[in-house]
Structures are given as C-alpha cells and as structure tokens.
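# 3D model of this:
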Amino acid sequence: MSDQIVRVLAKDAPIKASAISARGIVERARQIHKTLPVATAALGRALMGCSMMGNQLKEEDGSVTLQIRGGGPLGTITTVSDSAGNVRGYVQNGQVELVEKAPGKMDVGAAVGVDGTMTVIKDIGLKEPYVGSIGLLSGEIADDITAYFAESEQIPTACALGVLVNTDQSVLCAGGYLIQLLPGATDDMITRIEQGVARVGAVTNSLREGIMPLELLRQVLDGFELEVLEESPVEYRCYCSRDRVTRALISMGREELGSLIEEQGEATLTCQFCDKVYHFDREELETIRKEM
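Next up is the predicted model:
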C-alpha cells in the first residue's frame with residue numbers, strides 16, 4: 001500500500017492533527033543512502049516529521065527544511081519537504097553501528113546526540129524564510145519536534161514517530177502523528193489527549209498491526225469527533241536536475257570553474273539526497289564558463 005498523510009480537525013474541540021504511514025519513503029531512503037538500522041530509524045523519523053510539517057503549509061510552492069545537529073555519531077540529519085508532504089533527506093554518517101538501550105531496542109537518541117540543535121526553515125515565498133531553532137531535548141526526534149513547536153511557535157503539540165527495522169535491515173513499517181492544540185483548548189481536552197497518547201503507546205505497535213493513519217488518529221483522539229480535511233499519497237521525491245546542478249557550477253564563479261577545468265578537465269557531482277550522478281566533460285564546462 002502506498003504511503004499517505006491524513007489531516008483532520010476535531011469538530012468539537014480546537015484540535016488539528018496529522019498522521020503518516022511511510023514505510024516506502026523510509027525504505028527508499030535506506031536503499032539510496034545504504035543506512036544501517038539506527039541511521040534508518042533516525043533518518044526515517046526526521047523524514048516523517050518533516051513531511052507532516054511540510055503538508056501543513058498553505059503555500060503551494062512552500063517547503064520545510066528540518067536539520068538536526070546533535071553531536072552524536074550520526075552527524076547532521078537534513079530533510080526537506082514540499083507543501084504536499086513529499087520529502088527527501090540524508091544523514092551524514094549512515095553506517096553507524098547499532099546503538100541499543102535495551103536488547104532489540106535502538107537508542108536513536110544516543111546516535112543522534114543531544115549536544116546541539118534542531119532547526120526548522122519554512123520557505124513560504126517571502127523575501128526571507130522563517131527560521132526557528134531550539135536546543136535538542138532528547139535526540140529521539142519526536143520529543144524534539146514537540147519541544148520545537150512549544151518553544152518556537154507556541155503551539156502545544158504531541159508528536160510520535162516510529163520506524164521498525166526488519167532482521168534483513170529493510171523497513172518493516174514506519175509512521176507517526178502530530179497533534180496540535182489551537183487557542184481555546186481546555187485542561188480537560190489536554191488531559192484526554194495525554195490519556196490517548198499513553199493508551200496507544202509506541203506507534204510501531206499499531207503500525208505493525210496494519211493500522212492506517214486515520215485509524216491511528218481515531219485511537220489517540222478517541223472521544224473527539226474528527227473531520228477529515230485531506231488524505232493524500234506522499235513519496236520520497238528529489239527535485240534535483242541537470243539544470244540545478246549546472247546552476248551550482250555557475251555559482252562557483254568564473255575563476256574557480258576555470259581552475260576546475262584546468263586541473264581536472266571534467267566534473268562529476270552527486271546529489272546528496274538521491275545519489276544521482278551528473279557528469280560534465282571539458283567541453284560542457286567550457287560552454288558553461290563562456291555563458292557566465
């Protein structure tokens with residue numbers, strides 16, 4: 001079944017929520033970047049969180065970049081989502097060996113680290129993008145997204161993200177939710193949501209049973225009347241192209257590009273997000289330089 005995002009509003013309370021199923025997205029990222037399990041889990045969580053944040057944008061050409069620099073062995077994690085929730089990303093050190101906090105339970109927080117920041121960049125077509133940054137809370141990513149919304153956007157949020165990796169290192173299931181309180185929420189509503197979060201527990205348990213995003217939200221928000229705003233497919237999608245890579249070469253400047261031609265006579269550039277390789281021979285580089 002294809003990956004999807006669902007967005008809902010509560011008819012009887014100031015609550016909005018999203019949920020995602022993303023096994024295909026996370027598995028595609030694993031295949032592209034050849035990540036080992038703890039990196040697959042960390043990158044997968046970041047991809048899903050970023051996807052749901054991007055899907056919230058009203059601007060059609062908007063994008064959200066989520067960057068996590070935790071100081072742990074995984075290094076920097078970068079993900080980018082368009083306004084539909086299609087997402088791409090990479091982790092700096094994807095071949096980190098398994099870190100466990102209990103037998104069979106990956107310690108994503110230790111692999112990500114907590115000595116650093118989570119930065120969210122929202123580009124909604126204005127002159128300057130919105131940038132918000134917080135110190136990392138746990139490195140578990142869902143906790144940090146919750147803290148980001150509370151600190152940077154003053155939106156009380158509950159976020160859960162889970163990736164279950166198979167014994168052959170492929171992705172068995174992946175998904176999560178983002179529940180947010182709007183102005184006017186009461187203490188009773190907050191308590192009911194907290195009870196729902198505790199009752200459902202780790203999302204991977206529900207995902208393993210084949211529960212879809214809407215049903216996941218209904219379980220957590222049991223007792224609230226939900227209105228479905230959108231159910232849409234999402235995928236791992238990279239927007240790289242030869243034109244974009246050419247612009248990157250142009251941005252080097254005439255002198256630096258000239259040095260590259262003289263020293264190497266060619267250029268091979270690999271997209272960080274999808275590992276697609278773009279090759280330019282001497283003649284192509286000379287043409288680019290002449291047109292600068």
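# which residues sit in contact with the residue nearest to residue 225 when sequence neighbours are not counted?
Nearest residue to residue 225 in three dimensions, chain neighbours excluded: residue 11, at 4.3 Å (C-beta to C-beta, 6 or more residues apart in numbering). Bear in mind the C-beta positions are built from the backbone N, C-alpha and C, glycine included. Contacts for residue 11 (C-beta atoms under 8 Å, 6 or more residues apart in numbering) come out as 224, 225, 226, 227.
# So which of those sit within strands?
226, 227 (DSSP state E).
# so residue 269 is in which element?
strand 267-270 (DSSP states H and E).
# And for that strand, what's in contact with it?
By C-beta under 8 Å, 6+ apart, strand 267-270 touches 245, 248, 249, 260, 276, 277, 278, 279, 280, 285.
# Buried residues of stretch 197-213, list them for me.
Across stretch 197-213, burial judged by 16 or more other C-beta atoms under 10 Å covers 197, 200, 203, 204, 206, 207, 211, 212, 213.
# now the contacts of residue 11 as JSON lines including neighbour count?
JSON lines is the format used below for the contacts of residue 11 (neighbours: other C-beta atoms under 10 Å):
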{"residue": "224", "neighbour count": "20"}
{"residue": "225", "neighbour count": "11"}
{"residue": "226", "neighbour count": "18"}
{"residue": "227", "neighbour count": "10"}
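# Give the pairing partners of the top strand by length along the chain; include direction for each.
Determined from DSSP E, the single longest strand within the chain is strand 171-181. According to DSSP bridges, strand 171-181 has the following sheet partners: strand 15-21 (antiparallel), strand 157-165 (antiparallel).
# avg pLDDT for the shortest one?
Taken as a whole, strand 15-21 has a mean pLDDT of 97.
# so where's the stretch 1-150 of the chain shaky on pLDDT?
Low-confidence segments of the stretch 1-150 of the chain (pLDDT under 70): 1, 99, 104.
# what about the strands in it?
For the stretch 1-150 of the chain, applying DSSP state E, counting those that start in this stretch gives strands covering 4-10, 15-21, 63-69, 76-82, 87-91, 100-102, 105-106, 117-123, 130-135.
# ok so, going back, got the buried residues for the longest strand of the chain?
Applying a neighbour-count criterion of 16+ other C-beta under 10 Å, the buried positions in strand 171-181 are 171, 172, 173, 174, 175, 176, 177, 178, 179, 180, 181.
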